[in-house]
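Participant: Curious how this folds, go ahead:
(one chain, ligands or ions: 1)
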Amino acid sequence: MKEDKNGQITGIGLISGGLDSLVATLLLKLQNINIIGLNFKSPFCVCDKAYKNAECGLNLYKEKFNIEVIHKQKEDDYLDIVKNPKFGYGKNLNPCIDCRIYILKKAKEFAKEVGADFIYTGEVLDQRPKSQHKQALKIVEKESNLEGLLLRPLSAKLLKPTILEEKGLIDRSQLLGIKGRSRKIQVELAKKHNLLNEYFACGGCLLTDKSFALKAKDLINYNKNLKINDFRILKYGRHFRYKNAKIIIGRNELENNMLLQIKKVNDIIMSAKNVKGPTTIIQGKIDDDVLEFAAGLTLRYADFMEMNGIVLYRSNNSEEERELNATKVLEEFYKPYIL
Ligand code: SF4
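Facilitator: Predicted coordinates:
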């Protein structure tokens, strides 16, 4: 334990941007503990604050506590646990227990680098049935080699004291004993300390989303050497698996632009000729049948009244554009291929 010359200890906070980690931080700041925030991002994160023009919880750390939040990315090794989690999945493709262990191991490395004394999270006992029951919290602490050094300020009074509490470096009596899903106490505290006016949920995790999980499983099944950024494209467009190819159709201008940014070198880019319509990306094994099907889908989602029309396509690495006569695919024919 390395207290500084003022006798202060330093904690690394796993900061999601949501209410729980904010209040956990508040409890420690009230004890005058040094905090460095650590926020992990990945292509599986959803943050809709930008769309809603709402305040992002992460901004509050600087504003209210003068705390620096360091951003880190989950890397390709994260995919090992998405594909094969030691402690299993939650409802969909979310390997929550393994995910917490992964993050905490990285946080431990970071704590070592900056000479911090402990790590804390905004976890609440029994808030999530599968990953935050008492046994799960113990597993996470043990597997991340943080026994005695992982504090959960919101539920601390219901859990074994950490070394910091035992040594009196953190006052356990000022921590909480919250259990369950209600956020009433957290909201009251946040309001009392003028941190926010309303409860906000920050973002979310796409691995818990049924439809995203289906697309992610399909991606895993068809690709051996995946990188974590390969999952980015699953956030945009309508996805179809047709034979060994993947067809992705933008749903609006924003998605069309995103698809064009994310596409890979060998992908085919397609659009309807002379009419407004989607950008279509085709990946995987592409033959004439795949091209024809993708062209029919592209017409189906374009502003085009007739059944037959022309689409333009080119491979990503070529400027040469080709034309293809196509016929709209009707829903009864494309439905089985929707992911
Ligand atoms: S919901 Fe997603 S980010 Fe959160 S612990 Fe589970 S897998 Fe990790």
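
Participant: hey, let's count contacts and neighbours off CA atoms from now on
Facilitator: Will do.

Participant: Give me the phi and psi angles of whichever residue of the stretch 201-339 of the chain sits closest to the ligand.
Facilitator: Of all residues in the stretch 201-339 of the chain, the one sitting closest to the ligand is C205 (4.5 Å; Cα to the nearest ligand atom). Dihedral angles of C205 (phi, psi; degrees, to the nearest 10) stand at phi -130, psi 120.

Participant: Next, count neighbours for the closest residue to it other than its chain neighbours.
Facilitator: Nearest residue to C205, sequence neighbours excluded (Cα to Cα, 6 or more residues apart in numbering): C45, at 4.9 Å. Neighbourhood size, C45 [other Cα atoms under 10 Å]: 15.

Participant: same question, S16
Facilitator: Other residues close to S16 by other Cα under 10 Å number 22.

Participant: What strand or helix carries it?
Facilitator: Under DSSP states H and E, no helix or strand contains S16.

Participant: Next to the ligand, which bits of the stretch 51-200 of the chain? Give me the list.
Facilitator: 94-96, 99-100 (Cα under 6 Å from any ligand atom).

Participant: mind checking how far the residue of the stretch 201-339 of the chain closest to the ligand is from D288?
Facilitator: Distance of C205 to D288, computed by Cα to Cα, to the nearest Å: 37 Å.

Participant: Can you tell me the SS state at K215?
Facilitator: Three-state call for K215 (DSSP: H, G, I helix; E, B strand; the rest coil): helix.

Participant: need the contact list for it.
Facilitator: K215 makes contact with 234, 239, 339 under the criterion Cα atoms under 8 Å, 6 or more residues apart in numbering.

Participant: Make JSON lines out of the residues you listed and add pLDDT and distance to E306.
Facilitator: As requested, the contacts of K215 are arranged in JSON lines below (pLDDT from 0 to 100; distance: Cα to Cα, whole Å):
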{"residue": "L234", "pLDDT": "96", "distance to E306": "30"}
{"residue": "H239", "pLDDT": "98", "distance to E306": "24"}
{"residue": "L339", "pLDDT": "96", "distance to E306": "26"}
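
Participant: Out of the residues you listed, list just those in helices.
Facilitator: Within those, no residue falls in helices by DSSP state H.
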